[in-house]
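A.B. asks: Okay, predicted coordinates and the sequence, questions at the end:
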Amino acid sequence: MSENKIITRQKMTFVIYNFIAFTLIFSIFGLIIFSQMKLTLYSKTDVDLFSFKRNIEQNGLPPLQKRTYGLPDERQRVPLPFMPNPRITILTWNQHGELINTEGNIGYYGDIFSDLALVPSDPPTTIVIDGQYHFRSLTLPDPNPQDEIATVQLLVNVDGEQNVIHNFQTILIICSVLFILLSLAASFILSRQTMKPIIRSWNKQVEFVENASHELRTPLTIIQNKVELLLTTPFEKIMDKFESIALILSETRRLSKLTTDLLTLARADSSETQLVMQSVELDPFVREVCEPYIELAQSQSKHLWVEAQSGTTIQADKSRLHQLLVILLDNAIKYTGKNDSILVKVSSDDHFVCCEISDTGIGISEEGLQQIFDRFYREDKARSREKGGAGLGLSIAQWIVNSHHGTIKALHNQPKGTIIRIKLPK
């Protein structure tokens, strides 16, 4: 399967997962809001019904004239022991399930209750009468066993609440559909954003494998050719094949260094390598690391000197700092010519310690400054190969600095050469 097909399939997988997640979230959120709104709308009605029920259980069902508290003539009104919700309608049923009262406060509704069948409802439930009127219903047994009433049904018209619920449900459905459509668009956008680091890592991995394979193939090919050549003359003396053996040994060392660097970067990518932090007196440490390189530079008619007077002690991994300086000093020695200069300078301020390695060597192009820390990048590949470089040293240097929460930067030196500036926190 090609790279594009794999990436496209993974994008669609992310789109589907995100879309399902958004849809579930919006659906659950809508159901919670709808149920809570519905519960809130009916809560006051249900409280009134239960209050009326408790008063009937305590005081009994008032006589008919007492229930007709809405009559115009106030002189006929008998005060009730409690003030019920005027929206409550009282229906009384006999033991045969037949409606008894057809007068009084139910007369306002006409004969809409004539076809109503008694259905026990405790706790309160919503019933629909005549296909259009919505009531909250609560039933209770009549507390007076001496009359013909067996069951009392309390009703409250909730058409207003039902209309609010219906309108809210319509709005909620429309909004949910719009949000689901928006979530589909958001899923595409999020999948693209999610895939960007994956694609970037994929490309880096492919490039890394290709470059590593190329770098490993070259010394292996040389070693194989030279060994095959040696096998053609088994009776020759080592002295006569000195150059071939020396080249094999050189390529073996180069291969060993390359595999070590690759292993270091692989462990860095997987966060497997842990730093061992300890106190490091920076000035004597830098002088100690630079001492053999001073002699090496002198042997090549180059000038290397150290200015380390920061008086700073930092917390760092001593072996990794040593590796960092060795990488930078190796590069400085490689890419400077006869009579060129190399300066290692250590300074500090309130928050950071700065180490600069500047040289007056061949320098680097403007484009190279942006890519110098990329793996396998070499400004002059042919020349770097002659000097044994694989383009991994500065990548390892960058990882070491980043692991210490510092920064590393490459700059132009004036009038020529390169400056590598490192800043580490104190």
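C.D. replies: Everything's here; your move.
A.B. asks: Every contact and neighbour count from this point should use C-alpha atoms.
C.D. replies: OK.
A.B. asks: low pLDDT regions in the stretch 201-350 of the chain?
C.D. replies: By pLDDT under 70, the low-scoring segments of the stretch 201-350 of the chain are 211, 214, 269-273.
A.B. asks: Just the helices from this protein, written as ranges.
C.D. replies: Assigned by DSSP state H, the chain shows helices spanning 3-59, 64-67, 159-231, 242-269, 282-299, 318-334, 366-371, 381-386, 393-403.
A.B. asks: Deepest-packed of those, please.
C.D. replies: helix 393-403 (a mean of 20; mean count of other C-alpha atoms under 10 Å).
A.B. asks: Quick one: work out the angle between it and helix 318-334.
C.D. replies: Here helix 393-403 runs at an angle of 150 degrees relative to helix 318-334 (axes from the mean of the first three to the mean of the last three C-alpha atoms, to 10 degrees).
A.B. asks: and residue 138, which of the helices of the chain is closest to it?
C.D. replies: helix 3-59 (6.8 Å; C-alpha to C-alpha).
A.B. asks: now the closest one: how far from the chain's centre is it?
C.D. replies: Offset of helix 3-59 from its chain centre (C-alpha atoms, centre = their mean, to the nearest Å): 26 Å.
A.B. asks: again with stretch 195-210
C.D. replies: 20 Å.
A.B. asks: And for stretch 144-151?
C.D. replies: 68 Å.
A.B. asks: contact partners of that stretch?
C.D. replies: With contacts defined as C-alpha atoms under 8 Å, 6 or more residues apart in numbering, stretch 144-151 is touched by 60, 61, 92, 93, 94, 95, 100, 139, 140, 141, 142.
A.B. asks: Make a markdown table from the helices of the chain and add distance to residue 150 to it.
C.D. replies: Shown next, in a markdown table, are the helices of the chain (distance: least, C-alpha to C-alpha, whole Å):
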| stretch | distance to residue 150 |
| --- | --- |
| helix 3-59 | 13 |
| helix 64-67 | 16 |
| helix 159-231 | 28 |
| helix 242-269 | 81 |
| helix 282-299 | 98 |
| helix 318-334 | 92 |
| helix 366-371 | 93 |
| helix 381-386 | 103 |
| helix 393-403 | 84 |
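A.B. asks: Please name whichever of the ones you listed is nearest to residue 152.
C.D. replies: For the helices of the chain, proximity to residue 152 was assessed by C-alpha to C-alpha; helix 3-59 is nearest, at 9.2 Å.
A.B. asks: between that closest one and helix 159-231, what angle do the directions make?
C.D. replies: Using the same axes, to 10 degrees: helix 3-59 against helix 159-231 is 150 degrees.
A.B. asks: Which secondary structure elements does helix 3-59 sit against?
C.D. replies: In this structure, helix 3-59 makes packing contacts with strand 133-141, strand 151-157, helix 159-231, judged by 3 or more C-alpha pairs under 8 Å, 6 or more residues apart in numbering; DSSP states H and E.
A.B. asks: Return the alpha-carbon coordinates of stretch 284-301 using PDB.
C.D. replies: What follows is stretch 284-301, C-alpha atoms only, in PDB (Å, rounded to 0.1, in the frame of the first residue of the first chain):
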ATOM      1  CA  PRO A 284      37.700  23.900  34.600                       C
ATOM      2  CA  PHE A 285      35.500  21.300  32.900                       C
ATOM      3  CA  VAL A 286      35.700  23.200  29.500                       C
ATOM      4  CA  ARG A 287      39.500  23.700  29.900                       C
ATOM      5  CA  GLU A 288      39.900  20.000  30.500                       C
ATOM      6  CA  VAL A 289      37.900  19.000  27.500                       C
ATOM      7  CA  CYS A 290      39.700  21.500  25.200                       C
ATOM      8  CA  GLU A 291      43.200  20.600  26.400                       C
ATOM      9  CA  PRO A 292      43.800  17.700  23.800                       C
ATOM     10  CA  TYR A 293      42.300  19.800  21.000                       C
ATOM     11  CA  ILE A 294      44.700  22.600  21.700                       C
ATOM     12  CA  GLU A 295      47.600  20.300  21.000                       C
ATOM     13  CA  LEU A 296      45.800  18.900  18.000                       C
ATOM     14  CA  ALA A 297      45.200  22.300  16.600                       C
ATOM     15  CA  GLN A 298      48.900  23.300  17.100                       C
ATOM     16  CA  SER A 299      49.900  20.100  15.200                       C
ATOM     17  CA  GLN A 300      47.800  21.300  12.200                       C
ATOM     18  CA  SER A 301      49.100  24.900  12.400                       C
END
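A.B. asks: show me the contacts for the residue lying closest to residue 286 once chain neighbours are set aside.
C.D. replies: Once flanking residues are discounted, residue 286 sits nearest to residue 308: 7.4 Å by C-alpha to C-alpha, 6 or more residues apart in numbering. For residue 308, the contacting residues are 283, 284, 286, 287, 344, 345, 346, 347, by C-alpha under 8 Å, 6+ apart.
A.B. asks: if you set the cut-off to 10 Å instead, what comes out?
C.D. replies: 282, 283, 284, 285, 286, 287, 344, 345, 346, 347, 355 (C-alpha atoms under 10 Å, 6 or more residues apart in numbering).
A.B. asks: Then residue 194?
C.D. replies: Counting by C-alpha under 10 Å, 6+ apart, residue 194 has contacts 11, 14, 188.
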